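Student: have a look; sequence and predicted model below, questions after that.
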Amino acid sequence: MDGASKFVRGDAVAGLIIVAINVIGGILIGVLQHGVPIAQAASTYTIMTIGDGLVSQIPALIISIAAGFLVSKAGVEGSADKALVNQLAMNPISLGMVSAAAGVIAFIPGMPIIPFALMSVGAGVLAWRRAHAPDEPEADALVPAQAAPAEEQDEPISQTLAIDEIKIELGYGLLPLINDLEGRRLTDQIKALRKTLAADFGFVMPAVRILDNMRLNSQGYMIRIKEMEAGGGEVRLGHLMAMDPRGGQVELPGEHMREPAFGLPATWIDDNLREEATFRGYTIVDPATVLTTHLTEILKENMPDLLSYAEVQKLLKDMPAEQKKLVDDLIPNVVSATTIQRVLQALLRERVSIRDLPAILEGIGEAAPHTQSITLLVEQVRTRLARQLSFSHRGEDGALPIVTMSADWENAFAESLIGAGDEKQLAMAPSRLQDFIRGVREVFERAALAGDSPVLLTSPQIRPYVRSIIERFRGQTPVMSQNEVHPRARLKTVGMI
């Protein structure tokens, strides 16, 4: 088709040039060489040129008709000759138009009347007969009724059991976020987010499904993990979210609200206030980034649930060839793949990257012959990841900020452990737990005001139990044991509980 159109276009251009040359050259030859009057020369050579031009356009006409046949044939089954007959000779409308056109041409002076009159009458008769002929059943209608269910089968009920791991539902007013022409498309940001999380935590998050939900507010969105609601909020298209880094309320006109990811005071401002907000030191975020940030925090909170058995098998299968022997030695002789999954989930629950999978498997291999407790296996793995843990929590000055526990609290937790061996449990009085929680909040709030993000340092024996308390009210606060501090890490004590 492309070649045919180019040929037709080129032939038309060439025909125009030839016509111009023939008319001008013919007039000049007739007047100058043959002495013919200019009016007679113009009439004679113009008629001859038109005839020659019509003849030269015949190839282009044939190619155009052939190209039209190809286009018309593309959506029709069967051979070309049958398709041509069915579309032209069997259509009463087409036959009627042919009859009318032939009748008009028959009465044009100078045209042969008999051939065009016969063509007009014949096409008219065929059009009348086709228009009044009884409808014939189509070939598809002749198929037995038993074959119909085979073509239109209901969707298997089992497909309704499939669960979307991650899903974002958008109100109809937020659909432009998917096709933002200014380069801030939500899909592009989610793709970049998945790459970032894979590099930070060591496994690829499941694909995110985005769909509309007419039951939501037009500017609202909902994030679901395994079909369950995990978070939601509202954004304002055409506006920017301004936040004060100091945690105060933004002093600009706009809609005051809470940032959905962290609950900080924020304000939706007009885009024309961007420069003023930047001048005042406010943080400016566009709507797509607000949604992506909220999604990031929800994914970090739910990473253990997203690490399925199939994902663990994929991680083990994709390990380097030189590490395959380690996997073969561990599974299934020493531990099962399910045990490895639970250890990895426990690490992700504390936002510890599992990217160094060989070191994790080595730690499991060291402790598994002596215990099957997931808690003790995790503690052994964390010891092997001391370098990673210490350097991932460093401050801007390169030191590891820590908050220590006093000897009284260390002894209080150690004495509150009941049970033997792998069945130890924490049994501390509620009043004592409230005192501990109050002390942790005070110390960490003072550290935050000083610009530090410390870790809580404990003895190895009580670390899992202290963490179980901390995660209930400060889930993002890391708790490390003394065995997890790398020898080369530089410590900076910022407080004591």
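Tutor: That came through, no problem. Quantities reported herein were computed from a predicted structural model and do not represent experimental measurements. Numbering: from 1, shown residues only.
Student: so, low pLDDT: which residues of the stretch 101-250 of the chain?
Tutor: 133-155, 158, 180-184 (pLDDT under 70).
Student: and the strands in it?
Tutor: 166-170, 208-212, 220-225, 228-234, 239-243 (DSSP state E, counting those that start in this stretch).
Student: tabulate the ones you listed (a markdown table), appending distance to L344 and mean neighbour count.
Tutor: To be clear about C-beta, it is placed using only N, CA and C from the backbone, and glycine gets the same treatment. Below are the strands of the stretch 101-250 of the chain laid out as a markdown table (distance: least, C-beta to C-beta, whole Å; neighbours: other C-beta atoms under 10 Å):
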| stretch | distance to L344 | mean neighbour count |
| --- | --- | --- |
| strand 166-170 | 19 | 22 |
| strand 208-212 | 21 | 15 |
| strand 220-225 | 18 | 20 |
| strand 228-234 | 21 | 16 |
| strand 239-243 | 35 | 22 |
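Student: CSV for those strands, including distance to A261?
Tutor: Formatted as CSV, the strands of the stretch 101-250 of the chain follow (distance: least, C-beta to C-beta, whole Å):
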stretch, distance to A261
strand 166-170, 14
strand 208-212, 16
strand 220-225, 11
strand 228-234, 8
strand 239-243, 11
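Student: T493: which of those strands is closest?
Tutor: T493 sits nearest to strand 239-243 of all these, at 31.3 Å, using C-beta to C-beta.
Student: what's that closest one packed up against?
Tutor: strand 265-270, helix 274-279, strand 283-285, helix 287-301 (3 or more C-beta pairs under 8 Å, 6 or more residues apart in numbering; DSSP states H and E).
Student: check the residue nearest to T338 when sequence neighbours are not counted and give its pLDDT.
Tutor: Leaving aside its sequence neighbours, T338 sits nearest to Y309 (C-beta to C-beta, 6 or more residues apart in numbering; 7.0 Å). On the pLDDT scale, Y309 is placed at 92.
Student: do you know how far Y309 is from E227?
Tutor: Per C-beta to C-beta, to the nearest Å, Y309 is found 19 Å from E227.
Student: can you check L126 too?
Tutor: 62 Å.
Student: between those two, which one's more packed in?
Tutor: L126 (19 against 10; other C-beta atoms under 10 Å).
Student: would you mind confirming that the residue nearest to T338 makes contact with R342?
Tutor: No - at 10.3 Å, Y309 and R342 do not qualify as touching, with contact defined as C-beta atoms under 8 Å.
Student: more neighbours: which of those two?
Tutor: Remark: of Y309 and R342, R342 carries more neighbours, 18 against 11, as counted by other C-beta under 10 Å.
Student: mind listing what that one touches?
Tutor: By C-beta atoms under 8 Å, 6 or more residues apart in numbering, the contact list for R342 reads I374.
Student: now the angle between helix 287-301 and the helix or strand harbouring it, please.
Tutor: R342 belongs to helix 337-349 when elements are defined using DSSP states H and E. Calculated by axes from the mean of the first three to the mean of the last three C-alpha atoms, to 10 degrees, helix 337-349 forms an angle of 130 degrees with helix 287-301.
Student: wasn't N333 part of a helix?
Tutor: No - under the criterion used here (DSSP: H, G, I helix; E, B strand; the rest coil), N333 is coil, not part of a helix.
Student: can you map out the helices along the stretch 51-200 of the chain?
Tutor: 58-73, 80-84, 92-106, 113-132, 148-151, 186-201 (DSSP state H, counting those that start in this stretch).
Student: picking that back up, quick one, what contacts the residue nearest to T338?
Tutor: 337-338, 341 are the contacts of Y309 under C-beta under 8 Å, 6+ apart.
Student: filter the residues you listed down to the buried ones, PyMOL style.
Tutor: Buried residues among those (16 or more other C-beta atoms under 10 Å), as a PyMOL selection:
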select buried, resi 341
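Student: from T292, how far out is the residue nearest the centre of the chain?
Tutor: Centroid-nearest residue in the chain: T187, 3.9 Å away (criterion: C-alpha atoms, centre = their mean). The spacing between T187 and T292, counted by C-beta to C-beta, is 10 Å.
Student: adjacent strands (with direction) for the helix or strand hosting G495?
Tutor: Under the criterion of DSSP H and E, G495 resides in strand 491-496. Sheet pairing for strand 491-496, assigned by DSSP bridges, gives strand 400-404 (parallel).
Student: what residues does L456 make contact with?
Tutor: L456 sits next to 402-403, 405, 440, 466, 470, 477-480, 497 when contact means C-beta under 8 Å, 6+ apart.
Student: show me these that map onto strands.
Tutor: Among the contacts of L456, the members found in strands (DSSP state E) are 402-403, 479-480.
Student: mind checking which of those residues are buried?
Tutor: 402-403, 479-480.
Student: can you redo the contacts of L456 as CSV with pLDDT and distance to V121?
Tutor: Shown next, in CSV, are these (pLDDT from 0 to 100; distance: C-beta to C-beta, whole Å):
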residue, pLDDT, distance to V121
I402, 93, 105
V403, 93, 104
M405, 93, 109
V440, 93, 103
V466, 93, 103
I470, 92, 98
T477, 91, 96
P478, 93, 96
V479, 94, 99
M480, 94, 100
I497, 90, 108
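Student: can I get those residues in JSON lines including distance to P320?
Tutor: Putting the contacts of L456 into JSON lines (distance: C-beta to C-beta, whole Å) gives the following:
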{"residue": "I402", "distance to P320": "35"}
{"residue": "V403", "distance to P320": "38"}
{"residue": "M405", "distance to P320": "40"}
{"residue": "V440", "distance to P320": "41"}
{"residue": "V466", "distance to P320": "36"}
{"residue": "I470", "distance to P320": "36"}
{"residue": "T477", "distance to P320": "34"}
{"residue": "P478", "distance to P320": "29"}
{"residue": "V479", "distance to P320": "32"}
{"residue": "M480", "distance to P320": "29"}
{"residue": "I497", "distance to P320": "43"}
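Student: nearest to T278, of those residues?
Tutor: Nearest member of the contacts of L456 to T278, counting by C-beta to C-beta, is T477, at 31.9 Å.
Student: nearest spatial neighbour of that closest one, chain-adjacent residues omitted?
Tutor: What sits nearest to T477 in space, not counting adjacent residues and going by C-beta to C-beta, 6+ apart, is I470, at 5.5 Å.
Student: and the residue nearest to T338, how far from E350?
Tutor: Distance from Y309 to E350, by C-beta to C-beta: 21 Å.
Student: do I462 as well
Tutor: 15 Å.
Student: with neighbour numbers in mind, choose between these two.
Tutor: It is I462, of I462 and E350, that has more neighbours when counted by other C-beta under 10 Å, with 22 against 19.
Student: which residues touch the spatially closest residue to that one that is not a sequence neighbour?
Tutor: The shortest distance from I462 to any non-neighbouring residue, by C-beta to C-beta, 6+ apart, is to F413 (4.2 Å). Neighbouring residues of F413 by C-beta under 8 Å, 6+ apart: 426, 428, 458, 462, 465-466.
Student: now V378
Tutor: 343, 346-347, 464.
Student: give me that answer again for 7 Å
Tutor: Counting by C-beta atoms under 7 Å, 6 or more residues apart in numbering, V378 touches 343, 346-347.
Student: again, but for V334
Tutor: 365, 368-369.
Student: now L175: how far from H239?
Tutor: In terms of C-beta to C-beta, L175 sits 17 Å off from H239.
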